[in-house]
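Colleague: A predicted structure for the sequence below; I have some questions about it.
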Amino acid sequence: MDEDTKNELESLGVNVEAAVSRFAGKSERYIKYLKMHVMTGYFSKLGDALKEGNVSDAQLFSHTLKGDFKNFEFGSLTDTMVSLNEQLKEGSMDGAMDKYESMINVYDNITKIIVRLS
């Protein structure tokens with residue numbers, strides 16, 4: 001990963017250095033799993049589940065995303081996803097869509113960078 005890309009990700013709250021260390025210090029491995037994450041589409045599937053009021057599916061997707069965000073060191077997105085997941089585990093949808101929507105802009109910007117990675 002070049003320095004400009006690393007700086008772009010870090011400006012969005014991603015701790016690239018810590019994340020790469022989770023992937024045996026290999027940025028190629030980190031990039032591979034970032035791309036796999038984007039291909040799942042789980043973030044948009046979470047949004048769909050929330051729109052449909054499907055707490056069960058929303059909790060499942062938020063749980064998976066919570067783990068991904070932690071492993072990828074997505075900073076404040078991780079904190080919001082942890083909070084959303086805890087809320088959904090309790091069966092509450094109150095304000096869940098607001099939490100999801102608060103992550104969209106940063107998440108979309110991160111995924112645009114990921115898609116560019118080779």
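Modeller: Alright, I've got the coordinates. Values in this document were obtained by computation on a predicted structure and should not be read as measured data. Residues are numbered from 1 along each chain as shown.

Colleague: pLDDT weak spots in this structure?
Modeller: Of all residues in the chain, none has pLDDT under 70.

Colleague: Looking at it, which helix is longest?
Modeller: helix 96-116 (DSSP state H).

Colleague: Would you mind pulling the contact partners of it?
Modeller: Counting by CB atoms under 8 Å, 6 or more residues apart in numbering, helix 96-116 makes contact with 5, 8-9, 12-14, 31, 34-35, 37-38, 43, 46-47, 50-51, 58, 74, 76-77, 80-81, 83-84, 87-88, all of which sit outside it. C-beta here means a position set from N, CA and C on the backbone, and glycine is covered the same way.

Colleague: gap between it and the chain center?
Modeller: Distance of helix 96-116 from its chain centroid, counting by CA atoms, centre = their mean, to the nearest Å, is 7 Å.

Colleague: In this protein, which residue is most central in space?
Modeller: Nearest to the centroid of the C-alpha atoms of the chain, with distances taken as CA atoms, centre = their mean, sits residue 69, at 4.3 Å.

Colleague: Spatially nearest residue to that one (excluding sequence neighbours)?
Modeller: Nearest-residue entry for residue 69: residue 78, 4.1 Å, with adjacent residues in sequence omitted and distances by CB to CB, 6 or more residues apart in numbering.

Colleague: which stretches of this structure form helices?
Modeller: Assigned helices in the chain, in chain order: 3-11, 16-22, 27-40, 42-52, 55-71, 76-89, 96-116 (criterion: DSSP H).

Colleague: quick revisit: what about the residue nearest to the centre of the chain, distance to residue 106?
Modeller: In this structure, residue 69 and residue 106 are separated by 11 Å, where distance is defined by CB to CB, to the nearest Å.

Colleague: Buried by neighbour count: which residues of the longest helix of the chain qualify?
Modeller: The neighbour-count criterion (16 or more other CB atoms under 10 Å) identifies 96, 99-100, 103, 106-107, 110, 113-114 as the buried residues of helix 96-116.

Colleague: what's the farthest-apart pair in those?
Modeller: Maximum pairwise distance among these (CB to CB): 26.5 Å, between 96 and 113.

Colleague: Which residues in stretch 36-49 does the neighbour count mark as buried?
Modeller: Of the residues in stretch 36-49, those buried by neighbour count under the rule 16+ other CB under 10 Å are 37-38, 42-43, 45-47, 49.
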